[in-house]
Structures are given as C-alpha cells and as structure tokens.
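Peer 1: With the sequence up front, the predicted model follows.
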Amino acid sequence: MSLRTRELGFLVPALLLGMLGLAAGASARADELQAGPWQTALGVAMVFVVMHAVLRMRAPLSDPYLVPIMAALTGIGLAMLYRIDPGLAGDQAIWVTLGGIVFCAVIVFMPDHRVLERYRYIIGLTAVMLLVFTMAFGTEVNGSRLWIEIGGGQRVQLGELAKVLMVIFLAGYLREKREVLAIPTQRRLGMNLPAPRHLAPILVFWGAALAAVVVLNDFGTALLFFGVFLAMLYLATGRALYVGLGITLFAAGSLFIWAAVPRIGARVDSWLHPFTDPQGGGYQMVQSLYALADGGVVGPGFGRALLVTEGGTPRIPALETDFIFSAVSNDLGYVGAIGVMLLYVLLMARGFAIATAARDGFSKLLAGGLTAVVGLQAFIIIGGVVRLVPLTGVTLPFMSYGGSSVVVNFGIAALLLVISNRSRQGLVEAVRGVPAT
C-alpha cells in the first residue's frame, strides 16, 4: 500500500467524524434528525481532498498521517463552533479554505525548503518587524494588543506569522552556531558555559519575551515564543543546562511582571483563586471548571450540553476561542477530551518523527521547531482551561475560531510535509545510488 493510499484510508473516517459532528449538532439544535450544514461540511471535505491530491502529485513520499489528524481536529472544531453559533462555523470554513490554498501553494511552489536557510537573517528581521508593527499599531481587544484592523471589521494577528518566521530564523542560526553552543569553552558560576557572545541570543529572547508581556499585555505570546526558543536550543545542542537557565530567567522575570503589571497580576490571581470572585474576575475559569465536570465520562453528545443560553449567548465568554476545549469536554466528556489530546500527541509524534528522519541539521531544527509551536500552543491553552497553568489568549490549533491561526497552522503542516517528502526522497536516491542534490 502506497503512502498516499494509506493517507486516504485514514482521511475518509476523519472527514466523516466532522460531518457526523455537524449533523449531530444540527439535530440537537432542531430537536429532530437533520443533515446539518451539508454545504459547509462538503466544502471543507473537498478542501482536504484537494490537499490530498496535491500531495499525491507533488509530495508523494511525505508523511501519510499528518493530514488525517488535521482533518479530525478541524472537523471537531467546526462541529463545536456550529453548536455555539452557526455563523462562526461558516466563517471558519472560509478560513479553512484559505488555509488549504496556502497549504497547496507551499507544497507546489516550495519543493525544497532548504532555500529558506539562505535568507534566515532577512526572515528573522521580518518577524521582528511584524511584532514591532503590532506593538505600534495594534488594536487592543480584551486588554491585549495582538490584532491589526484591515477594514470591514476584520482583524489579523501578525504574531501568528511571526512565530513561523522566527522558527525559520532560529533553525538557520542554531544550525550555524550549534557547535560553539554545544561545546563549552569557559567555566562561569560553577557551570560550563560558552563565550558570552554565544549566550547573547538567550538573553535577547528573554528580554524580548518580557517586553512582549508588557507592551502586548499578553503572557501567552511571550510564553509561546520563549518556550519554542528553548525547545529549539535544546534540539540544537542537547544541553539541558540551557533549558534550566532559560526557565529560571523567565520565571524570575515573570514574577517581577506579575507584581508590576496589574492586568497580569489579576490574571494570575484569578487562576490561583477563581472561586474568590466567581461572578467577576474568576467567572470564566469557574464556568470552564463546571463545564469540564458536567460532561462526565462520555458526555451527552454533540450539541446536547448546556453551553449556550436560550438566547444564544455562550455561558463561557470567549468559548469559541480560548475555551473551545471546555466545549468539547462538556459535549463529549472526558473520553472526548482525552481523544482530542491524543490527536495532538499523535500530531507531535509525527512532527518529531519527521524531524528525526531529516537528513540535514536545518531540516531537523525546522521540523522540530514547527512541531514545538503547535504542541506548546495546544499545551498552553488546554493547561489554562483545566487550571494547570495561568490562562492565556492563544488559540487551540486547528480547532479554535480564528483566521490567522488556521491559515498559519495549515502552512506549518505543509512545511512539515515538504521536509518529510524531501527526506524520504533523499533516502530513496541514496538507496538507488543517485547523487544527493
């Protein structure tokens, strides 16, 4: 069985899962058996079928499991959005279509991702400029300055694109500097550390992450950027010392900002003591915890939980973005919630498998960094919903409502599949005795 045939075999049930979820949500809403928004379901299914066809033609040796996992997560997310507000599901289907176009464009026009390494400094500078532009001209929503108004009431989040560009830059930079970072040259503070000029990136990222908390007023973005940087630094050097040093620095800076920035302090206090003010600062967290508990083991099913009032208002503010995992848990219970988490674990497993199979340092670091972006983002938002970490404003990849996040995550998946196809292609050429290109 070929890789693409295997992919199609897993893709069909993944798409059916989303279609059945939409139909179940529509039936629960109408209190009678309905097919649901079949145009939306069929349109999203066609997007994934086209993606599969493009992979079959342009990247036949790429990983066969990534696209079905994406389809399952996207389908569950659409079903949840439809039961919250049918209009959100329609809008999300448009963003999924745009994400599919970006996915296909990357597969078709970037057969060799290694060309990105040549422009790593330009790409890194572009990422910084996007963040600075957001800091200067961003629109403040719910206290955080993360969005840029583009007219017609539409907003884009340039930080979503910036995180991918930053991973590309770090992959090129760390591949170039990995030897001097991995091999200590001097002993300071009782630790074997490289020369100060090579430690500068850690300090720069530490300062930039803390600055992002203060200027953007968002802890999630800072945690995501710094976490991905530490993950890539460990992948490049294999030295846990850097991770420990980075976590220590970030924790110290976070404690300072917690005491100095009122909004961050209020967010942490509502995380630590949500039931102190259940109708005020702790309202979101309390309602989320109730939703998690109310779902029980298996839940009442798609559309059956009491997530939306009779007037159509979600019981949990920002349910379609920050708390969509609570909606899944309330409808599908612990079994459904664990199933979603396992899908993210499988997604990360495939991403790191692609990184392991890559045949050059840049490809390994790029695949590992892109996988860390998706995995850490999922951990941050799920951890916030279940009160494991302070709640942040990042979205749950492929599931939460949001155009920028959806499109960028589809682009991340495309880059991973380009790396996978190139690695397998190089292996086949090596076996056949064809000179590597």
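Peer 2: In hand now; what should we look at? Numbers count the residues shown, from 1 in each chain.
Peer 1: Could you name the helices and strands sitting against the helix or strand containing Thr248?
Peer 2: Assigned by DSSP states H and E, Thr248 belongs to helix 240-260. When contacts are defined as 3 or more CB pairs under 8 Å, 6 or more residues apart in numbering; DSSP states H and E, helix 240-260 packs onto strand 191-193, helix 196-216, helix 219-237, helix 262-272. C-beta coordinates here come from the backbone N, C-alpha and C atoms, glycine included.
Peer 1: contact partners of the one helix or strand Val49 maps to?
Peer 2: Per DSSP H and E: Val49 is located in helix 38-58. The contact list for helix 38-58 (CB atoms under 8 Å, 6 or more residues apart in numbering) reads 4, 7-8, 11, 15, 18-19, 22-23, 62, 67, 70-71, 74-75, 78, 82, 89-90, 93, 96-97, 99-100, 103-104, 107-108, 111, 417.
Peer 1: Could I get the buried residue list for the helix holding Thr248?
Peer 2: Tyr242, Leu245, Gly246, Leu249, Phe250, Gly253, Ser254, Ile257, Trp258 (16 or more other CB atoms under 10 Å).
Peer 1: and if you look at stretch 24-41?
Peer 2: Applying a neighbour-count criterion of 16+ other CB under 10 Å, one finds Ala24, Gly25, Ala26, Ser27, Ala28, Arg29, Gln34, Gly36, Pro37, Thr40, Ala41 buried in stretch 24-41.
Peer 1: Quick one: distance of whatever helix or strand the first one lives in to the chain centre.
Peer 2: In this structure, Ala24 is located in helix 3-30 according to DSSP H and E. Taking CA atoms, centre = their mean, to the nearest Å, one finds the center of helix 3-30 at 22 Å from the center of the full chain.
Peer 1: follow-up on the earlier one: what's the closest of the buried residues of stretch 24-41 to Glu160?
Peer 2: Taking CB to CB as the measure, Glu160 lies nearest Thr40 of the buried residues of stretch 24-41, at 23.3 Å.
Peer 1: any idea of the pLDDT on the closest one?
Peer 2: Thr40 carries a pLDDT score of 89 in this model.
Peer 1: What of the one 3 residues further on?
Peer 2: At Gly43, the model reports a pLDDT of 93.
Peer 1: What degree of burial does it show, as a neighbour count?
Peer 2: Using other CB atoms under 10 Å, Gly43 has 15 neighbouring residues.
Peer 1: can you check Arg387 too?
Peer 2: Arg387 is flanked by 15 other residues according to other CB under 10 Å.
Peer 1: so it is in which element?
Peer 2: Using DSSP H and E, Arg387 falls outside every helix and strand.
Peer 1: Where does Ile150 sit: helix, strand or coil?
Peer 2: Assigned by DSSP: H, G, I helix; E, B strand; the rest coil, the conformation of Ile150 is strand.
Peer 1: what pLDDT does the closest residue to it other than its chain neighbours get?
Peer 2: Of all residues not flanking Ile150 in the chain, Val156 sits nearest, at 5.7 Å (CB to CB, 6 or more residues apart in numbering). Note for Val156: predicted pLDDT of 81.
Peer 1: where's Val156 relative to Val406, distance?
Peer 2: Val156 sits 12 Å away from Val406, taking CB to CB, to the nearest Å as the criterion.
Peer 1: ok, these two, which is more surrounded?
Peer 2: Using other CB under 10 Å, the more surrounded residue of Val156 and Val406 is Val406, with 27 against 17.
Peer 1: Kindly provide the distance from the closest residue in space to that one that isn't next to it in sequence to Leu66.
Peer 2: Residue nearest to Val406 in three dimensions, not counting chain neighbours: Trp95, with 4.4 Å by CB to CB, 6+ apart. Applying CB to CB, the value for Trp95 to Leu66 is 19 Å.
Peer 1: Could you do Ala251 as well?
Peer 2: Plainly put, Ala251 is 34 Å away from Leu66 if you go by CB to CB.
Peer 1: Can you tell me the number of residues neighbouring Met57?
Peer 2: 11.
Peer 1: now swap in the one 5 residues further on and tell me
Peer 2: For Ser62, the count of nearby residues is 26 (other CB under 10 Å).
Peer 1: How about Leu20?
Peer 2: Leu20 has 16 nearby residues by other CB under 10 Å.
Peer 1: so who does Gly336 touch?
Peer 2: If you count contacts by CB under 8 Å, 6+ apart, then Gly336 has Gly295, Val298, Gly299, Val328, Ser329 around it.
Peer 1: Sticking with it, tell me its helix or strand.
Peer 2: Counting by DSSP H and E, Gly336 is found in helix 324-357.
Peer 1: got it, and Ser62?
Peer 2: Short version, using DSSP H and E: Ser62 is in no helix or strand.
Peer 1: That one reaches Gln425, doesn't it?
Peer 2: No. Contact criterion CB atoms under 8 Å: Ser62 and Gln425 do not qualify, at 9.3 Å.
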